[in-house]
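Trainee: Just the structure for this:
(one chain, ligands or ions: 2)
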Amino acid sequence: MNNLIAHANEKIEMFNQGIVERNPAEYEFHQAVREFTESVIPFLMNHEKYSDGHILERMTEPDRIVIFRVCWENDEGHICCNRAWRVQFNNSIGPYKGGLRFHPNVSQGVLKFLGFEQVYKNALTGLPMGGAKGGSNFDPKGKSDREVMRFCQSLMTELSRHIGEDTDIPAGDIGVGAREISYLFGQYKRLNNRFVGTLTGKGLSFGGSLIRAEATGYGVVYFTQHVLHQHGQSFSDKTAVISGSGNVALFCAEKLIHLGVKVVTLSDSSGFIHDPDGIDLEKLHWLRELKFNKRGRISEYAQQFSTAKYYPDQRPWVIPGDMAFPCATQNELDLNDAKALVSNHILVVAEGANMPCTLEAVRFFEEKEVLFAPAKAANAGGVAVSGLEQSQNSQRFAWSREEVDERLQQIMAHIHKQCVEYGKGEGDTINYVNGANIGGFVKVAEAMLAYGIA
Ligand SMILES: NC(=O)C1=CN([C@@H]2O[C@H](COP(=O)(O)OP(=O)(O)OC[C@H]3O[C@@H](n4cnc5c(N)ncnc54)[C@H](OP(=O)(O)O)[C@@H]3O)[C@@H](O)[C@H]2O)C=CC1
Ligand SMILES: N=C(CCC(=O)O)C(=O)O
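Mentor: Ligands and ions are numbered 1, 2, ... in the order given. Sure thing, here's the model as predicted:
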């Protein structure tokens with residue numbers, strides 16, 4: 001057995017050395033591929049059918065990357081210039097599908113990690129969706145609505161050449177919410193004179209789906225329920241620490257509160273608030289108004305509610321809780337944060353954000369037998385309901401809130417089932433990282449091998 005493990009580790013190191021050489025300085029992409037191959041290469045060694053065909057080399061090379069300039073005029077009449085990308089990673093099982101991110105730290109390497117993760121996340125949903133990701137280094141923070149509109153219209157003028165309802169369907173992500181999707185879709189419709197579902201996360205009056213805004217946050221909670229149930233646990237009498245205060249974090253908090261969980265933290269890029277009494281639905285409603293409409297800062301919560309305290313320039317993982325939901329951004333929870341959570345007897349960590357835990361943190365949770373729900377399984381609810389939005393658009397019929405939520409719950413249950421099937425370890429243990437990576441891999445690999453050398 002030790003020889004087998006040594007051989008697998010040697011193959012993993014050799015493959016990832018090639019990834020680093022072929023993709024210089026794209027550190028987030030290296031990290032995503034390393035985590036994936038640490039699950040898949042040992043699986044390949046026991047499944048000959050996948051080991052030829054150069055499958056991993058092909059899977060870790062995007063089909064194409066479009067990179068383009070976006071020029072726009074600010075409110076002072078000055079010309080501004082940003083860079084944008086669309087990484088169309090893999091459409092083996094369906095048209096490219098994935099979000100658009102507007103943030104100053106967006107780079108090709110970040111979007112390749114996001115696009116790569118999206119391929120296997122989308123595969124786990126069971127819906128016909130390939131993987132892609134796009135975005136720009138444009139910072140929507142502090143911009144007027146008109147400036148955001150001008151930027152979105154300029155970006156879509158180029159992006160529309162590369163997308164379509166059967167080609168590539170973008171959606172939201174960090175910095176791309178309802179406002180941005182509306183400007184992008186309006187420009188796409190104008191340029192093409194076609195009203196088709198080429199973006200998801202649209203407004204309800206123009207083809208959007210009920211529950212899409214809530215879907216990622218709700219889905220993380222549904223998935224976590226399955227993980228706890230699988231291990232004889234439940235949400236009863238539990239406390240949750242959450243990071244972020246955007247689309248994913250606020251609806252994760254909402255669903256947890258609905259299910260009786262005490263939510264005690266939320267954060268943004270300036271710091272976090274701790275409310276020991278718990279964030280209730282009334283406080284959450286105030287927060288949604290603050291974040292989505294007034295575009296305020298989380299620090300204002302502590303000014304509004306005297307039970308809460310604001311911690312500038314810190315992350316919430318020092319606050320004791322049973323469950324941690326990182327819902328902000330990549331690598332926001334490192335080894336020191338993981339040690340703090342374990343010292344406070346954390347029971348489960350569920351990733352609402354994409355790759356929020358560093359590899360060292362994930363390995364530490366594994367070593368300490370913390371229940372760990374990885375992003376490509378736990379946060380797939382958003383893209384799943386995006387897929388359901390496409391289904392509704394195709395049939396030109398909208399389902400009720402209950403119908404969409406029921407389908408979302410079924411999809412999250414299906415994802416959990418695949419994780420159990422492919423993640424079974426010794427005894428009754430389940431490695432959800434292996435389960436998600438291998439479950440996603442198998443579906444994509446079957447299609448790629450069937451196509452031959454393509
Ligand atoms: N939207 C979706 O459908 C899905 C999103 N995700 C992932 O969930 C995460 C959050 O996305 P979403 O809620 O949509 O985005 P939002 O823009 O709505 O919210 C992002 C939140 O994260 C915080 N944040 C962003 N960058 C940083 C940073 N560098 N350091 C600390 N905090 C940061 C923001 O704070 P501030 O306001 O200060 O910037 C904000 O509170 C991302 O990883 C995204 O990829 C995953 C699946 C689906
Ligand atoms: N940002 C998203 C949602 C993508 C989508 O809905 O197409 C993600 O899954 O990371």
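Trainee: Just checking, which helix or strand of this structure averages the lowest pLDDT?
Mentor: helix 48-51 (a mean of 86; mean pLDDT, DSSP states H and E).
Trainee: Let me know the secondary structure of the residue nearest to the spatial centre of the chain.
Mentor: Central residue of the chain (Cα atoms, centre = their mean): N354, 4.0 Å from the mean position. With DSSP: H, G, I helix; E, B strand; the rest coil as the basis, N354 sits in coil.
Trainee: Spatially nearest residue to it, not counting backbone neighbours?
Mentor: Leaving aside its sequence neighbours, N354 sits nearest to A375 (Cβ to Cβ, 6 or more residues apart in numbering; 5.1 Å). For glycine as for every other residue, the C-beta is placed from the backbone atoms N, C-alpha and C.
Trainee: G278 too?
Mentor: Distances taken as Cβ to Cβ, 6+ apart place K262 nearest to G278, at 4.2 Å, with adjacent residues excluded.
Trainee: Centre of the chain to the host helix or strand of V385, how far?
Mentor: Using DSSP states H and E, V385 sits within helix 381-395. When C-alpha coordinates are averaged (Cα atoms, centre = their mean, to the nearest Å), helix 381-395 and its chain have centres 16 Å apart.
Trainee: Which single residue in the protein comes nearest to ligand 1?
Mentor: Nearest residue of the chain to ligand 1: G246, at 1.9 Å (Cβ to the nearest ligand atom).
Trainee: which one is that residue nearest to, not counting chain neighbours?
Mentor: Closest to G246 by Cβ to Cβ, 6+ apart is K291, at 6.7 Å.
Trainee: what does K376 give?
Mentor: K121 (4.0 Å).
Trainee: Now V87, what are its backbone angles?
Mentor: The phi/psi pair for V87 (degrees, to the nearest 10) reads phi -100, psi 100.
Trainee: Can you tell me the SS state at the nearest residue to it once chain neighbours are set aside?
Mentor: Closest residue to V87 apart from its sequence neighbours, by Cβ to Cβ, 6+ apart: G115 at 3.9 Å. What three-state DSSP gives for G115 is helix.
Trainee: okay but G115 is in contact with K133, surely?
Mentor: Yes. Using Cβ atoms under 8 Å, G115 is in contact with K133, at 3.9 Å.
Trainee: Point me to the residue of the stretch 51-200 of the chain nearest ligand 2.
Mentor: Counting by Cβ to the nearest ligand atom, the stretch 51-200 of the chain gets nearest ligand 2 through G99, at 2.9 Å.
Trainee: okay, now the spatially closest residue to V221 that is not a sequence neighbour: neighbour count?
Mentor: Of all residues not flanking V221 in the chain, K255 sits nearest, at 4.2 Å (Cβ to Cβ, 6+ apart). Taking other Cβ atoms under 10 Å as the neighbour definition, K255 ends up with a count of 19.
Trainee: likewise E360?
Mentor: Around E360 there are 12 residues (other Cβ under 10 Å).
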